[in-house]
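Visitor: Let's see this in three dimensions:
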Amino acid sequence: MWEGKHRCILIAERLTNHYKNMDGTGPLIYLKREDLSHCGAHKMNNAIAQAMIAKRMGLKHVVTATGAGQHGVATAAACAKLGLECTVFMGSIDMQKQSSNLLLMKLLGAQVKSVQGNFKDASSEAIRGWVGNLERSYYFSGTVVGPHPRPSMVCEFQSVIGKETRRQAMEKWGGKPDVLVACVGSGSNALGLFHEFIGDQDVRMIGVEAAGFGLDSGKHAATLARGEVGVYHGAMSYLLQDEEGQIVDTHSIGVGLEYPGVSPELSFLKDTGRAEFYSATDKEAIAAYQRLCRLEGIVPALEASHALAFLDKLCPTLKDGTKVVVSCSGRGDKVAVTVHGYLQDWSIEPCTDVSIPVTRT
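Guide: Model (predicted):
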């Protein structure tokens, strides 16, 4: 297929070895390889579906916003495939960080408009652009935020991640995963993995937000950890806001995690206790990025590296043989130069391997 489905869950043998105890016990770690998707991230699950909706409605022009650029690339590719015009709004700050994705969007035929600021500002401008041309334009929501029914639509399209995980787990070991781990920005990747398993109370669901320079630094994007309930872009959820209700600036080395709000459904899962939410700092994410490169030969997105980083704290608490599925939401080759610079600046030591045999499952 054009999109490249289905993406496997893969046993990460050397990463599993790395987290084994001295007696050889420990969890089994699997990766949900959304990085193998066409255009390199889970965003295509939603992009091709919404492009088909726009085509079916007879609309000729798609308007969207992007942060890290992966949604913009996926949207541009889907529009090229279906013969639709595409306009992508992108923050000027993000353009500087994601120059390769900016080039890809243009190569795929999209018109990219610069907006002063970052993703939240680009989202506001995209909505304004759509409202000003309703007769021929379709607003292409890239994640599970905004007014109904758009979060529900994106959740439905991204739920293929969890559905594939359930089916493939049954094929591999005849049961469900014990623990699911995913990074959380606005929430499409995490909710895509979690949604299928919400009714399975024996499956732990863990989301990992961006702690940036630390939760007490004021430079983070941990909405569920430090946010308060508010309304933004037409939806009520947790938001990072000041005492007057104004949205505050966010920070993460993973640009795709910098949205100051989060999915209303993930907010609900937090309030009910059905899902657990933690955070990882920039340094922890960079170390996890390097670790997966060195141990598995897989280059993860910096966003996904936050989920991988939490394994340091999670794995020592798990029973032997616990099956953990981590969503590798995208690939990170486009940020390799940036990561290399951080590794040198922060003097992060090269990771080492623990050579303990793994039982294949």
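
Visitor: need the next SSE after the longest strand along the chain, C-terminal direction.
Guide: Criterion DSSP state E: the longest strand present in the chain is strand 204-212. Counting by DSSP states H and E, the next helix or strand C-terminal to strand 204-212 is helix 223-226.

Visitor: ok now that following helix, how far from the chain's centre?
Guide: Relative to the centre of its chain, helix 223-226 is centred 16 Å away, using CA atoms, centre = their mean, to the nearest Å.

Visitor: What's the mean pLDDT across that helix?
Guide: For helix 223-226, mean pLDDT rounds to 98.

Visitor: Contacts for the very next helix or strand once past it, please.
Guide: Next along the chain after helix 223-226, taking DSSP H and E as the criterion, comes strand 228-232. Residues external to strand 228-232 that are found in contact with it (CB atoms under 8 Å, 6 or more residues apart in numbering): 145, 236, 237, 238, 239, 241, 245, 247, 260, 261, 267. Yep, even glycine has a C-beta here, placed from its N, CA and C like the rest.

Visitor: Look up phi and psi at the first one.
Guide: For residue 145, the backbone dihedrals are phi -130, psi 170 (criterion: degrees, to the nearest 10).

Visitor: Name the nearest residue to it, ignoring sequence neighbours.
Guide: residue 186 (5.0 Å; CB to CB, 6 or more residues apart in numbering).

Visitor: thinking again about what came up before, got TSV for the contacts of strand 228-232, with neighbour count too?
Guide: Formatted as TSV, these follow (neighbours: other CB atoms under 10 Å):
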residue	neighbour count
145	26
236	12
237	26
238	25
239	23
241	18
245	11
247	16
260	22
261	29
267	21
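
Visitor: Now, those that are in strands?
Guide: Residues of those located in strands (DSSP E): 236, 237, 238, 239.

Visitor: May I have the strand or helix carrying residue 15 as CSV, with CA atoms only?
Guide: Assessed by DSSP H and E, residue 15 sits inside helix 13-18. In CSV, the C-alpha atoms belonging to helix 13-18 read as follows (Å, rounded to 0.1, in the frame of the first residue of the first chain):
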residue,chain,number,x,y,z
GLU,A,13,16.6,-7.4,22.1
ARG,A,14,19.6,-5.3,23.2
LEU,A,15,17.5,-2.7,24.8
THR,A,16,15.8,-5.5,26.8
ASN,A,17,19.3,-6.7,27.7
HIS,A,18,20.2,-3.3,28.9
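
Visitor: could you measure the closest residue to residue 264 other than its chain neighbours against residue 298, distance?
Guide: Of all residues not flanking residue 264 in the chain, residue 237 sits nearest, at 4.5 Å (CB to CB, 6+ apart). Computed as CB to CB, to the nearest Å, the residue 237 to residue 298 distance reads 32 Å.

Visitor: Thought residue 92 was touching residue 112, still the case?
Guide: No: assessed by CB atoms under 8 Å, residue 112 is found out of contact with residue 92, at 11.1 Å.

Visitor: These two: which is more packed in?
Guide: Set residue 112 next to residue 92 and count neighbours by other CB atoms under 10 Å: residue 112 wins out with 19 against 13.

Visitor: Give me the pLDDT for that one.
Guide: 97.

Visitor: Same check on residue 187?
Guide: Looking at residue 187, its pLDDT stands at 97.

Visitor: And the next helix or strand past the helix or strand in which residue 86 is found?
Guide: Here residue 86, judged by DSSP H and E, is contained in strand 85-91. Downstream of strand 85-91, the next assigned helix or strand under DSSP H and E is helix 92-97.
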